[in-house]
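Asks: Dropping a prediction and its sequence here:
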Amino acid sequence: AQTVTQSQPEMSVQEAETVTLSCTYDTSESDYYLFWYKQPPSRQMILVIRQEAYKQQNATENRFSVNFQKAAKSFSLKISDSQLGDAAMYFCAYCFGNEKLTFGTGTRLTIIP
Amino acid sequence: DTGVSQNPRHKITKRGQNVTFRCDPISEHNRLYWYRQTLGQGPEFLTYFQNEAQLEKSRLLSDRFSAERPKGSFSTLEIQRTEQGDSAMYLCASSLYSLGTHEQFFGPGTRLTVL
């Protein structure tokens, strides 16, 4: 069974600084998708960034980028120029075959003004 | 707003009662997913539909749980004889199944408290 591990329950970063959230996963598949979702307090989950496993190039969305290491089964999220609005729970998720998402336990990110 | 909606947003019930939640997906989305999220955990998959067909059910979905998606539009999740362990946030998500489309759009969730 696929598993997703986020080993950092909590992280904090000074406003305007850069922070990296870690995620590892386990799968026997070669073609799959990885996601980072953001869940602000009392608000719904939204997609931050997506990575297709067959693409070697790391995905980037504005201040958000990933470091995808397929052989190591690692998928970290880097947030540059952190803003107060980035404070949230961040979940790493895996998807194979356009089916269900398997989530990690999340990392709570605090932004220090 | 044309996002995923869920009702009710909060439900408090007594142990042993039945509850039903509703999810309205984004209108053109043919896939609908239910997840359960307990405090401090990531969402866990419960079941999903493509149109009106229920394609997969998690082992987490005991016989007390049933989900439907009549006519491939909205979906309902019913929990019979609720237990305190059912207290959780129930999330609904929808997606458009097509090649290259894998993003699931989430609703705000229904928070269930079983007393």
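Replies: Alright, I've got the coordinates.

Asks: all contacts plus neighbour counts: C-alpha atoms, from now on.
Replies: OK.

Asks: Contact residues of chain B facing chain A?
Replies: With the criterion set to Cα under 8 Å from any Cα of the partner chain, chain B comes near chain A through B:33, B:40-45, B:48, B:97, B:101-103, B:105-109.

Asks: Let's see that with 7 Å instead.
Replies: B:41-45, B:102, B:106-108 (Cα under 7 Å from any Cα of the partner chain).

Asks: Helix or strand for B:Arg22, just tell me which one.
Replies: Element membership of B:Arg22 [criterion: DSSP states H and E] is strand B:19-24.

Asks: quick one, what contacts the residue most central in space within chain B?
Replies: For chain B, the residue lying nearest the average C-alpha position, counting by Cα atoms, centre = their mean, turns out to be B:Trp34 (3.2 Å). When contacts are counted by Cα atoms under 7 Å, 6 or more residues apart in numbering or on different chains, B:Trp34 is found next to B:45-48, B:91-93.

Asks: now B:Phe105
Replies: With contacts defined as Cα under 7 Å, 6+ apart, the neighbours of B:Phe105 are B:4, B:93-95.

Asks: Please, where are all the strands along chain A?
Replies: Along chain A, the segments classed as strands by DSSP state E run A:3-5, A:10-14, A:19-21, A:24-26, A:33-39, A:46-52, A:60-61, A:64-69, A:74-79, A:88-95, A:101-103, A:107-112.

Asks: Just confirm A:Ser74 contacts A:Asp26, I think it does.
Replies: No - contact status for A:Ser74 versus A:Asp26: not in contact, 9.1 Å apart, counting by Cα atoms under 7 Å.

Asks: Of these two, which one has the most company?
Replies: In this view A:Ser74 and A:Asp26 are compared by other Cα atoms under 10 Å in any protein chain shown, and A:Ser74 has more residues nearby, 17 against 14.

Asks: Could you check what's spatially nearest to that one, not counting adjacent residues?
Replies: Excluding its sequence neighbours, the residue lying closest to A:Ser74 (Cα to Cα, 6 or more residues apart in numbering or on different chains) is A:Thr24, at 4.4 Å.
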